[in-house]
Structures are given as C-alpha cells and as structure tokens.
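A structural model of the following input is requested.
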Amino acid sequence: MVEFKPFYSQKHHMYGLKVEVSVLPIGLAINCSRHHGGNTADITIFKENMDFHIVASKKQPNEASLPDNGPLHTEYKDQWAILTDKGYQGIPEFSRGINPTKKQPNKLLTREEEATNAATSADRVIVENFFGRLYVLWGICANKYRWCRTCPKTNLHVKRNTMRSNDREHYRCQNRLNHIVVSTRSKRKGVKRNHAVDAECVLKQAIIVDSRMRQVRK
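Below is the predicted model of the structure:
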C-alpha cells in the first residue's frame, strides 16, 4: 500500500505548503488563499476559495457595455474570465475558468488547441512575472515570511518598479534549481542504499565462507 503524503508535491518533487494567488492583468495580487498541503490539487483549492472568485470575477454594472467575446462568454455572461494553468482541468464546469488543453498520452493536440494554449499562456504571463518578482524579493527568507504577507509587499514593489520579462525567468530558474536539488538528493540516497546492500551481501558471503571453513577443520 502506497503511503499518502499530504505535504509532498508531485509537481515540484518537494515537501511543503501551497497557496493560490490571484493576480490582476496589471500585475497586482488581489487574493492569497489559506495554506494547503503540497499534495492538494489546484482545483480543490480553487473550489474552497470559490466565494472570492465569484465576487472578484462578477461584472460590475458599468462594465456591461465592454466587449467580451472570449471563451465561455455565453455560458457565464455575468463573469469575467479567469486564466489558469493546466492544473485546473475541469474548471469550466462550474466557473468561467480558461485553462490550456492538456495533452493526452499518445495523442497530439490540434492546431486550434495549440493556438489557444499559446494565446492563454501569453495572456497569463503576468502571473508568472509576479511570482518571479515575489521569489526574487522573498525567496531567500521564505522560512520566515509567509506568502500571504509577502504578496502585499510585492504589490508595493511592483507599483514602484514596473514588471519585466526577466521576472518570469527568475521564477522558472528557481523551479529548475529546486528540481536539481531534489534530484541530486534522491541520487545520493540511491547510492547509499546500493552501498548498504552491497555491504550486506559481502558480509553474508563472508559468514558463509567462515562457516564452511570451520566445518572442514572439524
């Protein structure tokens, strides 16, 4: 039976907590959910934070005349779209969430799906830029400051220093470094485990040889 690890993230290969942060198109965070175990699905956190999303995405009376021909505009006429990543599969069933189409095993995406994914990622890049800025400012002291406290401080920094494309690269670089660290630790554990097994085999063989030699002497 596989042990359930509530704090282990399969995506990042790390133990920890996760939050959901909502970012406006201008690059400012407007909400940070409570902390969840790293194994909690993104869609689960979204559903728990549904009250906020309903209020935040609701169209105001003065916005009724603004053009809106985006995906799901007929199904959710009173809501603005919420751009998400691939971890939010199934979100259109209960909210106007737009997420990239996930590639199925042994099946290619259509050109239309690839074009839609590219457009969604391009519009959502501001979110990665925000997280990149957040990591640059607070990543080194993440064990002291919770993300819910660093988001307002990051907003202040964004207001004074315009978001740039390299902010996203910082975020991606941090993820790559985390993956390298976890992979290296895993390999070291594997090497130690193999050495322990080899040592045990050598010891067993030595005991068998010693036992046989004693029998011959008798």
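
in the chain, where is pLDDT below threshold?
Regions of the chain meeting the criterion pLDDT under 70 cover residues 1-3, 165-199, 201-218.

going along the chain, name the helices of the protein.
Under the criterion DSSP state H, the chain contains helices at 42-48, 50-57, 111-138, 147-160, 166-217.

may I see the buried residues of the first one?
Of the residues in helix 42-48, those buried under the neighbour-count criterion (16 or more other Cβ atoms under 10 Å) are Asp42, Ile43, Ile45, Phe46. For every residue, glycine as well, the C-beta is placed using N, CA and C.

which residue packs closest to the third one, ignoring adjacent ones?
In this case it means Ile45. Leaving out its chain neighbours, the residue that sits closest to Ile45 by Cβ to Cβ, 6 or more residues apart in numbering is Glu20, at 4.6 Å.

burial of the one you found, as a residue count?
Using other Cβ atoms under 10 Å, Glu20 has 20 other residues around it.

measure it to His53 for me?
With distances defined as Cβ to Cβ, to the nearest Å, the gap from Glu20 to His53 amounts to 10 Å.

quickly list what's touching both of these two.
Phe46 (Cβ atoms under 8 Å, 6 or more residues apart in numbering).

before we move on, back to that, farthest pair within the buried residues of helix 42-48?
Set against one another by Cβ to Cβ, these have their most distant pair in Ile43 and Ile45, with a gap of 7.4 Å.

ok, back up a step: tabulate the buried residues of helix 42-48 in JSON lines, adding columns for distance to Arg96.
As requested, the buried residues of helix 42-48 are exported to JSON lines (distance: Cβ to Cβ, whole Å):
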{"residue": "Asp42", "distance to Arg96": "16"}
{"residue": "Ile43", "distance to Arg96": "14"}
{"residue": "Ile45", "distance to Arg96": "17"}
{"residue": "Phe46", "distance to Arg96": "12"}
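
wait, which of these is closest to Thr120?
Of all those, the one sitting nearest Thr120 is Asp42; the distance, using Cβ to Cβ, is 15.3 Å.

hmm, the closest one is touching Gly87, no?
Yes. Proximity of Asp42 to Gly87 meets the contact threshold set by Cβ atoms under 8 Å, at 3.6 Å.
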